[in-house]
Each structure stands twice: as C-alpha cells, then as structure tokens.
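# no sequence for this one, just the structure:
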C-alpha cells in the first residue's frame, strides 16, 4: 500500500451513501447502505491497514435484499 490513501463518504438518499477508497494503485467505489454504523466500521478497517494487519474486511447491510 502506498502513502496516497484517499477516502470519501457522501450521503445520498435516505439510508444510502457513496463510498470511495483509493490508493496509488487501486480504487473501490460503490453506493452502500448505512443502516448499521458502516462509516465507523469503514474508518476502523482503514486505520487497521496501518498496523500489523495485512488486510481488513468491512461489510454493509444488504438493502433492499
């Protein structure tokens, strides 16, 4: 992972947000549900990348599944 970590979280409709995580080599973006505390979970996982962990995992509620 490079030092060029970027993150954005933009609220959309009720219960939805546009999330983007990128570094110098890859990018992930999607429209996600925030019925749970998804923003805190995402930030916690991103912070974990700077520790001993090689990988972190996050999940979002499936709606309207």
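Right, received. Where do you want to start? Small disclaimer: the values here were computed from a predicted structure and weren't measured.
# by contact count, what packs against the strand or helix carrying residue 40?
Per DSSP states H and E: residue 40 is located in helix 38-48. Here helix 38-48 touches strand 6-11, strand 16-22, going by 3 or more Cβ pairs under 8 Å, 6 or more residues apart in numbering; DSSP states H and E. In this view, the C-beta of every residue, glycine as well, is placed from N, C-alpha and C.
# Not counting its own residues, what contacts the longest one?
By that I understand strand 16-22. Strand 16-22 is touched from outside by 5-12, 27-34, 38-39, 42, 46, with contacts defined as Cβ atoms under 8 Å, 6 or more residues apart in numbering.
# What angle do strand 16-22 and the helix or strand that that strand is followed by make with each other?
On the C-terminal side of strand 16-22, the closest following helix or strand by DSSP H and E is strand 27-33. Taking axes from the mean of the first three to the mean of the last three Cα atoms, to 10 degrees, one finds strand 27-33 and strand 16-22 inclined to each other by 160 degrees.
# Sketch out the low-pLDDT regions of this structure for me.
1-3, 63-65 (pLDDT under 70).
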